[in-house]
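Enquirer: Provided below are the primary sequence and the corresponding predicted coordinates.
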Amino acid sequence: MLLEVRNLSVYYYTLSGVVKGAEGVSFNVEEGEWITFVGESGSGKSTVAHAVMNLVPSPGKVVSGEVIFEGKDILKLSKEELRQIRGKEMTMVFQDPMTSLDPLRTIGDQMIEAMTVHGVPEDEARERAKELLQRVNLPPDRLDYYPHQLSGGQRQRVSIAIAMAFRPKLLIADEPTTALDVIVQDSIMDLLDEMKAEGTSIYFVTHDISLAVERSDRIAVMYAGKLVELGTVEQIVENPLHPYTKALIEAVPDLWSERPVKAIPGYPPDLRNPPKGCRFHPRCPLAKAGICDAEEPELREVERYHFVACHFPGGAKDE
Ligand SMILES: Nc1ncnc2c1ncn2[C@@H]1O[C@H](COP(=O)(O)OP(=O)(O)OP(=O)(O)O)[C@@H](O)[C@H]1O
Ligand SMILES: [Mg+2]
């Protein structure tokens, strides 16, 4: 096992209250797998991804939990130890590459620095930077460009080229294609697939479950700061057990059928004051008074590899 996240909770201490961005989240990432996190906006996907990198931004704090990566708790490492791991063993690609690229420095400088900080000699780093650009289908003269001279898709290719520099064990990609058109989106996904083929585990984040289906091995579904379902793609798509997962799937438009698209009624809760019991109960068609609004369902394994946090998984109404 490459990564083990145990009971992770992250709160944001804002002026208007404590936002429980993620609560009690546990999962593993295996070597060489592609796991995709899905859920509506505000469900805690980025919060968990940042915590795995030990990069939760202020006013956020990890209030409990462990993030064991190759046997070490990332949350307990010193700055220097983190520096050695980040960008080399585990790396992250963001929705907007402008947040990770420096607008005032050339692509080449930034790619080379990403390697020299880990001890690669500069001339070797320059050669490798050219090769990496080619791998992501950019001509080597782009080394002399500044980020703003590239398109959004090209900038994202540069971030992936940087991520590829060391064949990381884990790549976290947080909505890396959201701002891009479908064709470019697909080519970025292909690059992630190539990294996977070389042994990198892909930790992908999206609010679009249809993006998850084709390439992932497993899907993790988040709702209101909680992990509510986890399973293989087949289990999640063919036999979703959480009513929220079902609703997410039914909300995907299907070009080839007459099936109506069903939006999920209601809104995600305010995470300063999440609902008691199951956080989904106010929106859930199956919610039962006295149970769903009172007791918080634990995430449990109901069949091999398939975990769900629901009192009535699959809609079973047995008492
Ligand atoms: N810097 C912050 N300060 C305060 N609250 C935050 C901050 N970042 C996130 N939150 C809150 O934490 C909760 C989880 O947010 P998060 O960004 O993890 O969701 P997400 O699933 O990544 O959503 P999206 O799909 O919109 O990216 C939300 O209620 C959000 O408002
Ligand atoms: Mg996010």
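Expert: It's in. Owing to the predicted nature of the structure, the values given are computational and were not obtained by experimental measurement. Ligands and ions are numbered 1, 2, ... in the order given.
Enquirer: First-to-last residue distance for stretch 73-86?
Expert: One end of stretch 73-86 to the other measures 13 Å (Cα to Cα, to the nearest Å).
Enquirer: cool, and stretch 66-78?
Expert: Chord length of stretch 66-78, first to last residue, is 15 Å (Cα to Cα).
Enquirer: If we go by neighbour counts, what in it is buried?
Expert: Neighbour-count burial for stretch 66-78 flags 67, 68, 69, 74, 75, 77 (criterion: 16 or more other Cβ atoms under 10 Å). C-beta: built from backbone N, CA, C; applies to glycine.
Enquirer: The fifth one is in contact with residue 63, isn't it?
Expert: I take that to be residue 75. No. Residue 75 is beyond contact range of residue 63, at 10.8 Å (criterion: Cβ atoms under 8 Å).
Enquirer: which one of the buried residues of stretch 66-78 sits closest to ligand 1?
Expert: residue 67 (15.3 Å; Cβ to the nearest ligand atom).
Enquirer: Find the residue closest to the closest one in space, skipping its chain neighbours.
Expert: residue 74 (4.3 Å; Cβ to Cβ, 6 or more residues apart in numbering).
Enquirer: give the contact list for that neighbour.
Expert: Shown in contact with residue 74 (Cβ atoms under 8 Å, 6 or more residues apart in numbering): 52, 53, 54, 67, 68, 82, 85.
Enquirer: What is the burial count for the closest residue to the second one other than its chain neighbours?
Expert: Distances taken as Cβ to Cβ, 6+ apart put residue 92 closest to residue 53, at 5.5 Å, once the chain neighbours are dropped. The tally of other residues near residue 92 (other Cβ atoms under 10 Å) stands at 23.
Enquirer: repeat for residue 182
Expert: By the criterion of other Cβ under 10 Å, residue 182 has 7 neighbours.
Enquirer: Tell me where the model's unsure across the chain.
Expert: Within the chain, the ranges that satisfy pLDDT under 70 run 255, 316-319.
Enquirer: helix, strand or coil for the one residue sitting closest to the centre of the chain?
Expert: Nearest to the mean C-alpha position of the chain, by Cα atoms, centre = their mean, lies residue 205 at 3.0 Å. Under DSSP: H, G, I helix; E, B strand; the rest coil, the three-state class of residue 205 is strand.
Enquirer: Is it in contact with residue 174, as I believe?
Expert: Yes. Residue 205 is in contact with residue 174 according to Cβ under 8 Å; the separation is 4.4 Å.
Enquirer: any residues in contact with both of these two?
Expert: Counting by Cβ under 8 Å, 6+ apart, the residues touching both residue 205 and residue 174 are 45, 46, 49.
Enquirer: In helices, which of these fall?
Expert: When the shared contacts of residue 205 and residue 174 are checked against helices (DSSP state H), the matches are 45, 46, 49.
Enquirer: Need the max-distance pair from the buried residues of stretch 66-78.
Expert: 68 and 77 (11.2 Å; Cβ to Cβ).
Enquirer: which neighbours do the two share?
Expert: With Cβ under 8 Å, 6+ apart, residue 68 and residue 77 have no common neighbours.
Enquirer: Enumerate the residues of the stretch 101-250 of the chain near ligand 1.
Expert: Within the stretch 101-250 of the chain, the positions adjacent to ligand 1 are residue 207 by Cβ under 6 Å from any ligand atom.
Enquirer: Give the helix, strand or coil label for residue 278.
Expert: Three-state call for residue 278 (three-state DSSP): coil.
Enquirer: make that residue 142, sorry
Expert: Applying three-state DSSP: residue 142 is helix.
Enquirer: go on, residue 123?
Expert: Quick answer, by three-state DSSP: residue 123 is helix.
Enquirer: Same check on residue 219?
Expert: strand.
Enquirer: Number of residues surrounding it?
Expert: 26.
Enquirer: Across the sheet, point out what pairs with it.
Expert: residue 36, residue 231 (DSSP bridges).
Enquirer: circling back: I only care about the shared contacts of residue 205 and residue 174 that end up buried; give me the ChimeraX line for that.
Expert: Selecting only the buried entries of the shared contacts of residue 205 and residue 174 in ChimeraX, with 16+ other Cβ under 10 Å as the criterion:
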select :45,46,49
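Enquirer: Show me the subset of the shared contacts of residue 205 and residue 174 that also lies near ligand 1.
Expert: Answer for the shared contacts of residue 205 and residue 174 near ligand 1 (Cβ under 6 Å from any ligand atom): 45, 46.
Enquirer: Dump the shared contacts of residue 205 and residue 174 into CSV; add distance to residue 306 as well.
Expert: Formatted as CSV, the shared contacts of residue 205 and residue 174 follow (distance: Cβ to Cβ, whole Å):
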residue, distance to residue 306
45, 20
46, 25
49, 23
